[in-house]
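>>> Compute the structure for the input listed below.
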Amino acid sequence: MIHALTLVFACLGAIASALALMLVAPLTIPPPLASVTEGARRIGTDGAPALSRFQARDGTWLAYRLYGADNGARDRVAFLAHGSSAQSIAMNQVGLAIAQAGVTAVAMDMRGHGASGTRGDIAYVGQLDDDLADLAAELRKTFASASFSLIGHSSGGGFALRIAAGPTGALFDRFVLLAPYLGYSAPTTRPVQDSNRWASPNIPRILAIQALDLAGVDWPQGLPTLAFAVAPPLQPILATHYSWRLMTNYTAPGDWKKALEQGRGRIAVLAGADDQLMDATAYKRELTPLGVTVRLIPGVDHIGLIYSPAALEALVGSL
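From the prediction side, this is the model:
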């Protein structure tokens with residue numbers, strides 16, 4: 001009996017030690033990715049409205065930019081979710097183009113980004129969904145009878161798909177996914193090479209956190225598990241890393257095919273034909289059979305999708 005107990009405790013100790021080593025594994029920061037940095041610098045900031053704020057259900061004040069429709073119309077509102085690491089100003093030209101087309105646009109600083117909350121972290125998986133529902137309720141006070149749409153770029157596109165497949169999706173009539181990140185193993189994600197390495201996951205730490213989560217231990221979920229290739233000049237204003245909680249929430253659902261099928265008829269996908277991070281042709285090949293309208297924009301890359309005139313024209317036409 002004593003021998004058996006000793007063996008059990010030895011095994012538990014070995015497991016605990018292994019998990020501890022996995023948790024302290026260093027997070028590797030990838031070198032700055034030129035294509036993303038150069039694209040970000042081309043996004044115009046002129047005409048951007050000042051940040052507005054609303055109070056989420058946990059009492060935190062979160063930021064967004066409101067682009068009133070140029071013609072004064074109040075019957076449609078488009079919520080804009082930026083890509084990973086970014087903030088609302090990245091969607092400035094999208095917001096201006098939508099407003100010019102007579103649709104109110106709301107570009108969000110998603111919690112964990114920009115001026116919303118603790119940069120790089122959230123309190124629990126699903127908090128971003130709650131924040132979006134809270135903002136929709138706040139804006140419903142002003143736009144009582146407007147139809148709501150949700151537009152997301154890259155990781156924001158994956159998040160928009162997550163919303164479309166969940167209970168919060170009932171708040172929106174339309175979803176437009178701009179080069180959505182559907183997961184590292186999705187056929188639409190290009191194999192990672194040095195030339196397109198935007199994010200670097202800490203696999204040992206992720207596996208340890210997932211194992212502990214199954215055991216009901218959640219305290220490590222605030223540890224950083226994903227680092228981004230943010231150039232030094234942009235690091236003070238962007239999220240350089242995500243915690244496990246934020247990484248898990250701000251992305252597509254695991255079963256992205258099922259999510260797309262559930263949103264059939266309400267989802268459109270736009271992608272740049274020259275996207276360096278996503279395989280644009282795979283969107284056509286994989287998503288069209290699921291009933292999703294896919295349009296590829298010639299001569300446009302991943303970041304160009306949110307500022308190039310051709311992409312903005314296609315986006316406005318998809319609303």
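
>>> how much space between Ile306 and Leu80?
Separation of Ile306 from Leu80 (CB to CB, to the nearest Å) stands at 9 Å. Any C-beta I mention is one placed from the backbone N, CA and C, and that applies to glycine too.

>>> higher neighbour count, these two?
Applying other CB atoms under 10 Å to Ile306 and Leu80 shows that Ile306 carries more neighbours, namely 32 against 28.

>>> His153 is in contact with the more buried one, correct?
Yes - the criterion here is CB atoms under 8 Å, and Ile306 meets it with His153 at 5.4 Å.

>>> Which neighbours do Ile306 and Leu80 have in common?
Common contact partners of Ile306 and Leu80 (CB atoms under 8 Å, 6 or more residues apart in numbering): 91, 94, 153.

>>> Name the nearest of the residues you listed relative to Met22.
Taking CB to CB as the measure, Met22 sits nearest to His153 out of the shared contacts of Ile306 and Leu80, at 32.4 Å.

>>> Can you get me a residue count around the closest one?
His153 has 30 nearby residues by other CB under 10 Å.

>>> Spit out the contact partners of it.
80-83, 90-91, 94, 178-179, 305-306.

>>> What score does the nearest residue to it once chain neighbours are set aside have for pLDDT?
In this structure, His153 finds its nearest non-sequential neighbour in Leu178, 4.2 Å apart by CB to CB, 6 or more residues apart in numbering. pLDDT, Leu178: 98.

>>> For Leu178, grab phi and psi.
Backbone torsions for Leu178, taken as degrees, to the nearest 10, come to phi -100, psi 110.

>>> and it, what is it in contact with?
151-154, 156-157, 269-271, 305-306, 311, 315.

>>> And those residues, which of them are buried?
Buried members of the contacts of Leu178, counted by 16 or more other CB atoms under 10 Å: 151-154, 156-157, 269-271, 305-306, 311, 315.

>>> and which of the residues you listed is nearest Leu226?
Set against Leu226, the nearest of these by CB to CB is Ser154 (13.5 Å).

>>> what's near enough to touch the closest one?
By CB under 8 Å, 6+ apart, Ser154 lies in contact with 83-84, 178-181, 277-278, 302.

>>> Leaving out the residues flanking it, which one is nearest to it?
Nearest non-adjacent residue to Ser154 (CB to CB, 6+ apart): Gly83, at 3.5 Å.

>>> that's a helix at the one you found, yeah?
No - the assignment for Gly83, made by DSSP: H, G, I helix; E, B strand; the rest coil, is coil rather than a helix.

>>> distance of it from Val292?
Per CB to CB, Gly83 is found 20 Å from Val292.

>>> where does the stretch 151-300 of the chain dip in pLDDT?
194 (pLDDT under 70).

>>> which stretches of it form helices?
155-164, 203-214, 244-249, 256-262, 280-287 (DSSP state H, counting those that start in this stretch).

>>> Touching, Ile89 and Gly47? I think so.
No - with contact defined as CB under 8 Å, Ile89 does not reach Gly47; the gap is 11.0 Å.
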